[in-house]
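Chemist: any chance you could fold what I've pasted below:
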Amino acid sequence: MFISSTPQVTLLVIHSVVFAIAIIYLFTSRKKLKDRILRYEQQVLLSQMNPHFVFNSLTAIQSYIFRNEPHTASKYLASFAKLTRLILENSRCELCSLEREIATLKLYLDLQKLRFEGRFDYTIIVAEQIDPDATLIPPMLAQPLIENAIEHGLSGIYWAGKIEIRYTLTKPKQLVIEVEDNGIGIEKSREVQESKGKQYRSLATEITKERIKNLKKLGNSGIKLNITDKSTLSGNTSGTIAQIVIPLK
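Modeler: Residues are numbered from 1 along each chain as shown. Below you'll find the model as predicted:
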């Protein structure tokens, strides 16, 4: 009886092993497919940030051509071409160096200063303990926050606009990106939009939130976004502080 049942037991074991391998394979394939879809979504979200900026930048460059300032137009057209190349390259990467990210942001901000004819200035501060070349982060996370500061915070102000971008490290090892402006703030911007009969909507913020949600699904569970209206911290100040916290591996 024991001998005759051995082939059946062996067959059962083989079937069990094959079934387990099939389950593992299907689970792994499904996870890889899901991750691939999320990465494609990241690239789509990055591409959504670009078209209106491209249009506005080219319009600003065109204005210098019409004013017969070809040297200035040529200078900014070269910057625009370099920025476009960096954005396209970054959109194909899951991570980029902080050094490359800052170079991209500088080009972006310089072109925005051209568009707004120098009505704001900016500063980028990197903490001494950060190695920009060795620190890897998801690309273009700060750009939408800067765009919000310019389009919603600084647009229409009568004082000199300022944007400060800070990169610091906290414990445990986390990179903190802060974009602070001295504009009108979130609530005031909402009031201005509603007074014009428009619904306040920040596409840049929506894209950033969607990207962070996808990054969490891809394993960056500790990444988070905080946006604070400075008037809630002190009634004598205005502007916005947007903060992204990224755990570093």
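
Chemist: please tell me how far the most centrally placed residue in the chain sits from Ile227.
Modeler: Taking Cα atoms, centre = their mean, the centroid of the chain lies closest to Leu141, which sits 1.7 Å from it. Distance, Leu141 to Ile227, by Cβ to Cβ, to the nearest Å: 13 Å. The way it works is simple: take the backbone N, C-alpha and C, and place the C-beta from them, glycine included.

Chemist: helices of the protein, start to end?
Modeler: Along the chain, counting by DSSP state H, helices occupy 2-48, 51-66, 70-90, 98-115, 143-148, 186-195, 203-217.

Chemist: helices and strands around the fifth one, which ones?
Modeler: In terms of contact count using 3 or more Cβ pairs under 8 Å, 6 or more residues apart in numbering; DSSP states H and E, helix 143-148 is assigned the packing partners helix 98-115, strand 174-181, helix 203-217, strand 240-247.

Chemist: next, the buried residues of that helix.
Modeler: Gln143, Pro144, Leu145, Ile146, Glu147, Asn148 (16 or more other Cβ atoms under 10 Å).

Chemist: excluding chain neighbours, give the residue nearest to the second one in space.
Modeler: Computed as Cβ to Cβ, 6 or more residues apart in numbering, the closest residue to Pro144 that is not its neighbour in sequence is Ala204, at 3.5 Å.

Chemist: show the contacting residues for the one you found.
Modeler: By Cβ atoms under 8 Å, 6 or more residues apart in numbering, the contact list for Ala204 reads Met49, Pro144, Leu145, Glu147, Asn148, Glu151.

Chemist: before we move on, back to that, who's in contact with the residue nearest to the centre of the chain?
Modeler: Contacts of Leu141 (Cβ under 8 Å, 6+ apart): Ile177, Thr208, Arg211, Ile244, Ile246.

Chemist: in this structure the fourth one contacts Tyr167, no?
Modeler: No. No contact is recorded between Ile244 and Tyr167 when judged using Cβ atoms under 8 Å, the distance being 10.3 Å.

Chemist: how near is the nearest residue to Leu109 once chain neighbours are set aside to Phe116?
Modeler: Nearest non-adjacent residue to Leu109, counting by Cβ to Cβ, 6+ apart: Tyr122, 5.0 Å away. The gap separating Tyr122 from Phe116 is 11 Å, by Cβ to Cβ.
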